[in-house]
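1. Got a sequence here, can you build the structure:
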Amino acid sequence: MRAIWLLPLLLAACAEPTSSVPYDGRFGFFEEQLGEDRLRVIFVGRPGTERDVVEDYLLFRAAEVTLLQGGSHFQIAAQDIERDIVYVDDTFVSVGFGVGRFGRRGRFGRRSGFGVGFGTPIYGGSYAAERFVASAEIVVGTGEIPEEPDIFDAEDVYYTVGPRIDRP
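-> From the prediction side, this is the model:
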């Protein structure tokens, strides 16, 4: 019973970090072209990823898409973030102990011995986790960057937010 306090730590250790990958049905980014210079960018975070991390990944992807399209800046025309609860299947976490004994060094330098061990599963199944989905409708611009609060320099965002982004 004492080991039950370890359960949250073990579950947190099993969580995978968020990464900037194309959407695979569970997490990642995707975008859709809405017009010649208008796109909707969406980033679906992994369960357990914090909201501000998901927002960073969305902002980074918006900058990346802008640069790929030859733009210098982008304007966020609309944005939204949704929070939902998803159920994550997890594998068993088990605790156990082992007993071993090794004999003395034999005549030719070898060791002999035996060991016994067993484990007991303490958790298995699924658990609820918070997940954020961030989306933004952006307008890609070229040329001089206007000084407006909802307009971002794509290169500046790419190099400022980029170091915090995990890319495979």
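2. Need the contact partners of the longest helix belonging to the chain.
-> Longest helix in the chain, counting residues (DSSP state H): helix 51-68. Helix 51-68 is contacted from outside by 18, 20, 29, 31, 39, 41-43, 45, 72-74, 76, 81, 83, 132-136, 138, 140, 152, 154-155, 157-158, 161-162, 164-165, using CB atoms under 8 Å, 6 or more residues apart in numbering. Where you see a C-beta, it was placed from the backbone N, CA and C, and this is true even at glycine.
3. Tell me the first helix or strand C-terminal of the lowest-mean-pLDDT helix or strand in the chain.
-> When each helix and strand of the chain is scored by mean pLDDT, DSSP states H and E, helix 7-14 comes last, with a mean of 38. Downstream of helix 7-14, the first helix or strand assigned by DSSP states H and E is strand 28-33.
4. What residues sit buried inside that following strand?
-> 28-29, 31 (16 or more other CB atoms under 10 Å).
5. Quick one: list the elements packing against that strand.
-> Counting contacts by 3 or more CB pairs under 8 Å, 6 or more residues apart in numbering; DSSP states H and E, strand 28-33 is packed against strand 38-44, helix 51-68.
6. Switch the ones you listed over to JSON lines; also include mean pLDDT and mean neighbour count.
-> Shown next, in JSON lines, are these (pLDDT from 0 to 100; neighbours: other CB atoms under 10 Å):
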{"stretch": "strand 38-44", "mean pLDDT": "94", "mean neighbour count": "21"}
{"stretch": "helix 51-68", "mean pLDDT": "94", "mean neighbour count": "21"}
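7. Please list all residues in contact with residue 33.
-> Shown in contact with residue 33 (CB under 8 Å, 6+ apart): residue 39.
8. Look up how far residue 65 lies from it.
-> Per CB to CB, to the nearest Å, residue 33 is found 10 Å from residue 65.
9. now residue 38
-> 11 Å.
10. list residues touching both of these two?
-> 138, 140.
11. Just the element for residue 83, please.
-> In this structure, residue 83 sits in strand 73-102 according to DSSP H and E.
12. Please consider this matter closed, and thank you.
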